[in-house]
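Visitor: prediction below, plus the sequence it came from.
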Amino acid sequence: MDVTFPLATPSERRREPSDDLPTGRYLDRELSWLNFNNRVLDLARDNVSIPLLERARFLAIFASNLDEFYMVRVAGLKRRIAAGVAVPGASGLMPREVHESILERTRELVELHARTFHDDIRPALAAEGIEVLRWDELTGDEKHRMRNLFADRIFPVLTPLAVDPSHPFPYISGLSINLAVLVKNPGTGVRQFARVKVPTVLPRFLQLSEGRFVPLEDVIARHLDQLFSGMQVVGHHTFRVTRNEDVEVEEDDAENLLFALEKELLRRKVGRPPVRLEVEDDMDDKMLELLMSELDISEREVFRLPGPLDLRGLFGVADLDRAELKYPAFLPMTHPDLAEVETAKPADMFAAIKQRDVLLHHPYDSFATSVQRFVEQAAADPHVLAIKQTLYRTSGDSPIVDALIEAAEAGKQVLVLVEIKARFDEQANIAWARKLEQAGCHVVYGVVGLKTHCKLSMVVREEPEGLRRYVHIGTGNYNPKTARLYEDMGVLTSNPIVTEDVGRLFNRLSGLSAETQYRRLLVSPYGIRNGLIDRIRNEIAQHEQGRPAFIRIKVNSLVDEAVSDALYRASMAGVPIDLWVRGICTIRPGVPGLSENIHVRSILGRFLEHSRLFVFANGGQTSVGIGSADLMHRNLDRRVETLAQITNPRHVAQITELFDLAFDEQTASWQLDGDGVWHARTLDTEGQPLRDMQAVLIERLGRRTRGASA
């Protein structure tokens, strides 16, 4: 039965947590995120199930994740502290308490991260003929070649900046690696500080030969005398600063949004306060005191670590062509409902979608032969009159964007909603927006005050029986590169109820439509939170009436207090609840009298679990939704998101089976307890590895492929 979901009023955006539920029922979201990154580090430390170069990659992912966390979350926390905000968070902790706890927990994690590299992964790599060396470990021939490289390729791009009465302390850009150098004038004996920025135009680790690397800063450090000729180099130390990199834009009107964002991006490059200082552990105290003073950073925000700093550089090492040290090769396959039939030509996407809805599961189902082909065929099809598309993040050489440009140049009506406020992709999205506009696309930059995060593509096609709309609704970005690394789901459909909903939503996003009613979509802001809470309440009612009742949710993060409280109430009523959360989870499961019916699992691995799935027993008529929204304030209050109902029984069964596999006791996972501690379950009672869920899905894909070719 079709249901109409009216939007709530702004005053109903966030329902206040119920006073009769116990205090202290929420974990702190920032500390929960750090525990997520600890799980990433667990993968790097896993020498049983994870291939060696993949473990090195997880070390790099940990470092990259932590950088972003400090640039955004810790920076925001410091802003609140500086502004004198004295309001506790949902966990009951004050901002300053949270900051202190973050610094303490970070110190534990980065020290473990460094030990894992130096004591475990670096020796293991060396045993396989892959060596990350320091300068003193190079052979004479290698040092000679590095001297030549320095003279030819490195020296010309270096700019030493001295500090003296006529040269103030230089601005240290965020995430750059720097050498703090102390030089002495041999004539006067005067000592001066200088800073040398390690250039980013060269690889982080220079390759000496097959499998042998040296940090770029080591090569620079051994040739400082050439930068400071006539001076004596007394000492040098490596350091790295993390700055506030979050973008704040005043969105008074959409017309000026593009220019306001560009101005803010420029300001981000030159005027952001530091939130963390990393230094090599051999830095002397006087040099450190100078840096702390000039950067206005406290001692507790300083992290002394063994070099080399910034292990994001291990991405380059992990990309080495050593197949035996990586995950087995994997090739996504064309979905059976879209497979080519007795012809060398690609399948007719529109004929296939017209015949049945297609539920896609990436990366197991190929993005290139499904979503990408859908847009490309639409661009080339003379019967297609219009294409409407949201773009949140895409790749640098996006075939999706190329297809949209091709469609516009062919005279089709093309509307592209480009979210230029997508964090850290702002500059790229501005460039895409302008390129699309130049090609004749109608480009909309989003809704004032909101980010457009929903993943929608709609094609309007002229057919013998009249106009027909085709739609893709997904959980992930239209990015062919990340589609090979991220686990996501999506549905391709020509169902007129769904396509009508999507068409109305596009009109609301691009024009002045005040549309508030959708039949098979939940839309945020306003609609998703209330719609989910209504469904949770329905499960309580079904359970009380003796009908089948359960709740299963898969998201990246679960933070929202109103949804959490509804889940607590369902648990208290006896409804079984399975929560599959990759990252942040502030719910406390297994607490007697509150959440003993809530079970929380986290699964990390080869692919980034990214889909958002919602399953409700609904009295035996299972209700399933997929969409773009996590259960966070930003998704439910400050973004345009969609959840779409899945009605095909075969697709409902497929998603149900996915949850069954994730929560099976023989599947490796992390389990959360009521104290906020995650427990890794990787071995069975006999010490044998539990099955890897993603490996199981790859194997099932292999059986499907073999069956099709038999």
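Guide: Yep, that arrived.

Visitor: strands of the stretch 301-450 of the chain, start to end?
Guide: All strands of the stretch 301-450 of the chain, identified by DSSP state E, counting those that start in this stretch, fall at 302-305, 358-362, 384-391, 413-418, 442-444.

Visitor: of all the ones you listed, which one is nearest Leu636?
Guide: Minimum separation from Leu636 across the strands of the stretch 301-450 of the chain (Cβ to Cβ) falls at strand 384-391, 17.9 Å. Where you see a C-beta, it was placed from the backbone N, CA and C, and this is true even at glycine.

Visitor: pLDDT of the closest one, averaged?
Guide: Strand 384-391 carries an average pLDDT of 94.

Visitor: how about the strands of the stretch 301-450 of the chain in TSV, adding distance to Ile50 and mean neighbour count?
Guide: Shown next, in TSV, are those (distance: least, Cβ to Cβ, whole Å; neighbours: other Cβ atoms under 10 Å):
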stretch	distance to Ile50	mean neighbour count
strand 302-305	23	19
strand 358-362	22	22
strand 384-391	34	23
strand 413-418	37	23
strand 442-444	43	19
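
Visitor: so which of those strands is nearest Phe659?
Guide: Among those, strand 358-362 comes nearest to Phe659, with 13.1 Å by Cβ to Cβ.

Visitor: how about the nearest residue to Trp678 once chain neighbours are set aside, secondary structure?
Guide: Counting by Cβ to Cβ, 6 or more residues apart in numbering, Trp670 is the residue found nearest to Trp678 once chain neighbours are left out, at 4.4 Å. Following DSSP: H, G, I helix; E, B strand; the rest coil, Trp670 is assigned to strand.

Visitor: roughly how far does the residue lying closest to Arg638 once chain neighbours are set aside sit from Leu509?
Guide: Nearest non-adjacent residue to Arg638, counting by Cβ to Cβ, 6+ apart: Leu450, 5.9 Å away. Counting by Cβ to Cβ, to the nearest Å, the gap from Leu450 to Leu509 is 9 Å.

Visitor: overlap of the contact sets of those two?
Guide: The contact sets of Leu450 and Leu509 overlap at Val640 (Cβ atoms under 8 Å, 6 or more residues apart in numbering).

Visitor: so can I have a markdown table of the strands of the stretch 301-450 of the chain showing distance to Glu462?
Guide: Output for those, formatted as a markdown table (distance: least, Cβ to Cβ, whole Å):
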| stretch | distance to Glu462 |
| --- | --- |
| strand 302-305 | 62 |
| strand 358-362 | 22 |
| strand 384-391 | 6 |
| strand 413-418 | 12 |
| strand 442-444 | 19 |
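
Visitor: related to what we said a few turns ago, compute the number of surrounding residues for the residue nearest to Arg638.
Guide: 19 (other Cβ atoms under 10 Å).

Visitor: cool, and Arg45?
Guide: 16.

Visitor: contact partners for it?
Guide: Here Arg45 is in contact with 55, 116, 120 (Cβ under 8 Å, 6+ apart).

Visitor: got it, and Ala629?
Guide: Residues in contact with Ala629 (Cβ under 8 Å, 6+ apart) are 453, 524, 528, 555, 612, 635-636, 639, 641-643.

Visitor: return the distance of it relative to Ile528.
Guide: Following Cβ to Cβ, the distance that separates Ala629 from Ile528 is 5 Å.

Visitor: same question, Ala60
Guide: 34 Å.

Visitor: so the residue nearest to Trp678 is in contact with Phe36, correct?
Guide: No: with contact defined as Cβ atoms under 8 Å, Trp670 does not count as touching Phe36 (9.4 Å).

Visitor: neighbour count for Ala60 and Ile528, which is higher?
Guide: Ile528 (28 against 20).

Visitor: so which helix or strand takes in that one?
Guide: helix 527-544 (DSSP states H and E).

Visitor: for the stretch 451-600 of the chain, what spans make up the helices?
Guide: Remark: helices assigned in the stretch 451-600 of the chain by DSSP state H, counting those that start in this stretch are 496-510, 527-544, 561-572.

Visitor: check the offset of stretch 525-536 from the chain's centre.
Guide: Relative to its parent chain, stretch 525-536 has a centroid offset of 24 Å by Cα atoms, centre = their mean, to the nearest Å.

Visitor: and stretch 67-76, by the same measure?
Guide: 14 Å.

Visitor: contact partners of it?
Guide: Residues from elsewhere that reach stretch 67-76 (Cβ under 8 Å, 6+ apart): 30, 33-34, 37, 99, 102, 174-175, 242-246, 272-273, 275-276, 312, 423-424.

Visitor: which among those count as buried?
Guide: Neighbour counting with 16 or more other Cβ atoms under 10 Å marks 30, 33-34, 37, 99, 102, 174-175, 242-246, 272, 275-276, 312 as buried within these.

Visitor: among these, which are located in strands?
Guide: 242-243, 275-276 (DSSP state E).

Visitor: follow-up on the earlier one: closest to Gln694 out of the contacts of Arg45?
Guide: Arg55 (16.1 Å).

Visitor: tell me the spacing between the residue lying farthest from the centre of the chain and Gln232.
Guide: For the chain, the largest distance from the centre (Cα atoms, centre = their mean) belongs to Gly187, which lies 54.4 Å off. Distance of Gly187 to Gln232, given as Cβ to Cβ: 10 Å.

Visitor: who's in contact with Leu385?
Guide: 412-413, 460-462, 467.

Visitor: typo on my end, it should be Phe607
Guide: Contacts of Phe607 (Cβ under 8 Å, 6+ apart): 363, 485-487, 694.

Visitor: again, but for Ala379
Guide: Applying Cβ under 8 Å, 6+ apart, we find Ala379 in contact with 387, 403-404, 406-407, 410, 412.

Visitor: which pLDDT value belongs to Pro165?
Guide: Residue-level pLDDT assigned to Pro165 equals 68.

Visitor: now Asn597
Guide: So Asn597 comes in at 98 (pLDDT).

Visitor: the residue nearest to it when sequence neighbours are not counted: how many residues sit nearby?
Guide: Of all residues not flanking Asn597 in the chain, Ser571 sits nearest, at 4.1 Å (Cβ to Cβ, 6+ apart). By the criterion of other Cβ under 10 Å, Ser571 has 24 neighbours.

Visitor: what's the answer for the one 5 residues further on, then?
Guide: By the criterion of other Cβ under 10 Å, Pro576 has 16 neighbours.
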